[in-house]
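With the input below, show me the fold.
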Amino acid sequence: MSYRLRCEWREGEVFSLGERARECGVAEETLRSVILHLRAALGEYRRLPGGLRVDTPRPDVRGEKAFGGFWVGVYEWGGITVVVKPRVEKYGEMLERVRRLFGDVSWLYLATSGMYAADARLAIWGEAALLLGELWHLASREPRFLAVRVTGRGGRIGVGPRGVYLYGRRRVRNTALANAVVLGLRRVAEAVQNAEGLVDELPQGVRGVVREYLASVARGVEAVAGEAEFAASWADGEGVGPYWHVAAKAVRGHAATRGGAPGRFVMMPSTKLYELYVYSLFAETLGALHRECGRFCLEAGGVRLYFNAAPLSRLVKKMSRRRPRPDVAVESGKSVAVVEAKYRELSRLDLPDALRLAGYLADVAQNGALKAVVAALALSDKAKRSIRARIGNGVEAAVYYAVVNPDGDPADEVRRAIAFLKSEP
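Sure thing, here's the model as predicted:
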């Protein structure tokens, strides 16, 4: 798969729109449109497919400057391919850690919604995953055998225009179901195979993101094929009966566009991935068998880890009817601490981040111990590793800063952070 033009930048990068346009060989207004269309496409989502809220900064254009956002992946718009590279070398290590804990990371990806699909036959950019979901429901829920009426034989009596007649019922295979499933699986498998050509052309970090997405779709094909193993031998290539709507998606897909500018993409929200990476490291470092204690909640070694959720809320929930959502909450015994993951170098917390962290501590901490860990890719020389403050009535707040970077060896840092959280106030 070849493209006429290609434009690259690194996530988080701020660059001159005019200079980058000249480097890419496109007009400045064209590059502006590409970035804004990608921003609009990502803005269609408020939650990831797995249900997590997504607030990762998107690409944007302000005047003559452009911001690359914190989404890694590839985006095709017309004859231009945009590649957003990760800011860390071992980006794939974060994906691998999360996959090791959760078993799959396909729910983390955002891929093209129907209104942005450019090529429905090669709908690997998101429609393939949606189609797989529908095929799974067909294979697991629809009847595999049907009862058909056979006239002239049997012990039942019917009345028709020509009078009374005998009829019976015969059990037959649901070949229409088999045809629809086989057709859909074939299209998705073709999409994966054809998209492999794109992967080889991408930079290493982005290559891992797209390859993992394709692998997750391929695993989905295997899962559906396993559930519908009857389909291959039953399919006769004829009609699809009441399943025409699924078959139509396999053949045509969704070619609707917005503003006459189709695009397709596979994108990973890096800030959310980093939060899950930190969560996974904490879970692994506890070194015990994990037991699920709820949605995005794991228990290991007497410690419960909550992702994007708090186990309790003393005030915020009463005021807003919603619990606060720290990146990670750590419940050990009667104490609750929070972990905030910052996908950048830190010298200090910005005021909004500091106020939010203080609010989390005041709302969820117990036993007069307000503890938090701030994990970041790097700390500047001016950054303090720990901060403590006594705020009256025997209540002490403590914050520990940990360097958690996949390009380094974060194991010791995570162990020290866990020891800090579990220590007595």
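
what's the first-to-last distance across stretch 294-312?
The first and last residues of stretch 294-312 sit 14 Å apart, counting by CA to CA, to the nearest Å.

Kindly report the same for stretch 303-312.
Using CA to CA, the end-to-end distance of stretch 303-312 comes out at 15 Å.

Quick one: residues in contact with it.
The contact list for stretch 303-312, computed with CB atoms under 8 Å, 6 or more residues apart in numbering, reads 52-53, 275-276, 279, 282-283, 286, 293-299, 323-332, 336, 338, 360, 363-364, 422. Where C-beta positions appear, they are placed from N, C-alpha and C, glycine not excepted.

In helices, which of those residues fall?
275-276, 279, 282-283, 360, 363-364, 422 (DSSP state H).

hmm, which of these are the buried ones?
Among the ones in helices among the contacts of stretch 303-312, the ones that count as buried by 16 or more other CB atoms under 10 Å are 275-276, 279, 282-283, 360, 363-364, 422.

and which of these is nearest residue 66?
Distance to residue 66 across those (CB to CB) is lowest for residue 275, with 25.4 Å.

From the centroid of the protein, which residue is nearest?
In the chain, the residue lying closest to the centroid (CA atoms, centre = their mean) is residue 108, at 1.2 Å.

Residue 269 is in contact with that one, correct?
Yes. In this structure, residue 108 is within contact of residue 269 by CB atoms under 8 Å, at 7.4 Å.

Could you work out the end-to-end span of stretch 223-242 for me?
23 Å.

May I have whichever helix or strand residue 99 is part of exported as PDB, CA atoms only?
Taking DSSP states H and E as the definition, residue 99 sits inside helix 91-102. C-alpha atoms of helix 91-102 as PDB (Å, rounded to 0.1, in the frame of the first residue of the first chain):
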ATOM      1  CA  TYR A  91       5.900   2.600  23.600                       C
ATOM      2  CA  GLY A  92       5.200  -1.000  22.800                       C
ATOM      3  CA  GLU A  93       6.400  -1.900  26.300                       C
ATOM      4  CA  MET A  94       3.400   0.000  27.800                       C
ATOM      5  CA  LEU A  95       1.100  -1.900  25.400                       C
ATOM      6  CA  GLU A  96       2.600  -5.200  26.400                       C
ATOM      7  CA  ARG A  97       2.300  -4.600  30.100                       C
ATOM      8  CA  VAL A  98      -1.300  -3.600  29.800                       C
ATOM      9  CA  ARG A  99      -2.000  -6.600  27.600                       C
ATOM     10  CA  ARG A 100      -0.200  -8.900  30.000                       C
ATOM     11  CA  LEU A 101      -2.600  -7.800  32.800                       C
ATOM     12  CA  PHE A 102      -5.900  -7.500  30.900                       C
END
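
For that helix, name the packing helices and strands.
Counting contacts by 3 or more CB pairs under 8 Å, 6 or more residues apart in numbering; DSSP states H and E, helix 91-102 packs against helix 204-227, helix 270-285.

Listing request: residues of the stretch 101-250 of the chain with sub-threshold pLDDT.
Within the stretch 101-250 of the chain, the ranges that satisfy pLDDT under 70 run 106, 110-130, 149-160, 162-168, 247-250.

And the strands in it, which stretches?
All strands of the stretch 101-250 of the chain, identified by DSSP state E, counting those that start in this stretch, fall at 110-111, 145-160, 163-173.

Take the ones in helices among the contacts of stretch 303-312 and lay them out in TSV including distance to residue 390 and pLDDT.
Shown next, in TSV, are the ones in helices among the contacts of stretch 303-312 (distance: CB to CB, whole Å; pLDDT from 0 to 100):
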residue	distance to residue 390	pLDDT
275	30	94
276	34	93
279	30	93
282	27	92
283	32	90
360	19	79
363	19	76
364	20	71
422	21	79
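
ok, so of the residues you listed, who is nearest residue 102?
Nearest member of the ones in helices among the contacts of stretch 303-312 to residue 102, counting by CB to CB, is residue 276, at 8.0 Å.

who's in contact with the closest residue to that closest one other than its chain neighbours?
In space, and not counting its chain neighbours, residue 276 is closest to residue 98: 4.7 Å by CB to CB, 6 or more residues apart in numbering. By CB under 8 Å, 6+ apart, residue 98 lies in contact with 105, 108, 273, 276-277, 280.

Closest to residue 245 out of those?
residue 108 (28.2 Å).

rewinding a little: closest one of the ones in helices among the contacts of stretch 303-312 to residue 175?
For these, the nearest to residue 175 is residue 276 (43.2 Å; CB to CB).

Verify the stated contact: the closest one with residue 100.
No. Residue 276 lies out of contact with residue 100 (CB under 8 Å); the separation is 11.2 Å.

okay, now the domains of this protein?
1-118+257-268, 128-252, 286-422 (automatic domain parsing).

quick one: residue 304 from residue 272, how far?
21 Å (CB to CB, to the nearest Å).

Give me the buried subset of the contacts of stretch 303-312.
Applying 16+ other CB under 10 Å to the contacts of stretch 303-312 flags 52, 275-276, 279, 282-283, 286, 296-299, 323-332, 336, 338, 360, 363-364, 422 as buried.

so of the helices and strands packed on helix 91-102, which one's packed in deepest?
helix 270-285 (a mean of 24; mean count of other CB atoms under 10 Å).

ok, residue 86 to residue 385 distance?
26 Å.

between those two, which one's more packed in?
Higher neighbour count among residue 86 and residue 385: residue 86, with 25 against 11, using other CB atoms under 10 Å.

How far does stretch 330-340 sit from its chain's centre?
How far stretch 330-340 lies from its chain's middle: 26 Å, per CA atoms, centre = their mean, to the nearest Å.

and that stretch, C-alpha only, in CSV?
In CSV, the C-alpha atoms belonging to stretch 330-340 read as follows (Å, rounded to 0.1, in the frame of the first residue of the first chain):
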residue,chain,number,x,y,z
VAL,A,330,-4.9,2.1,46.3
GLU,A,331,-6.9,0.6,49.2
SER,A,332,-4.8,-1.1,51.9
GLY,A,333,-6.5,-2.0,55.2
LYS,A,334,-8.3,1.0,56.3
SER,A,335,-6.3,3.5,54.3
VAL,A,336,-6.9,4.8,50.8
ALA,A,337,-4.3,6.6,48.7
VAL,A,338,-4.3,7.9,45.1
VAL,A,339,-1.9,7.7,42.3
GLU,A,340,-1.8,10.3,39.5
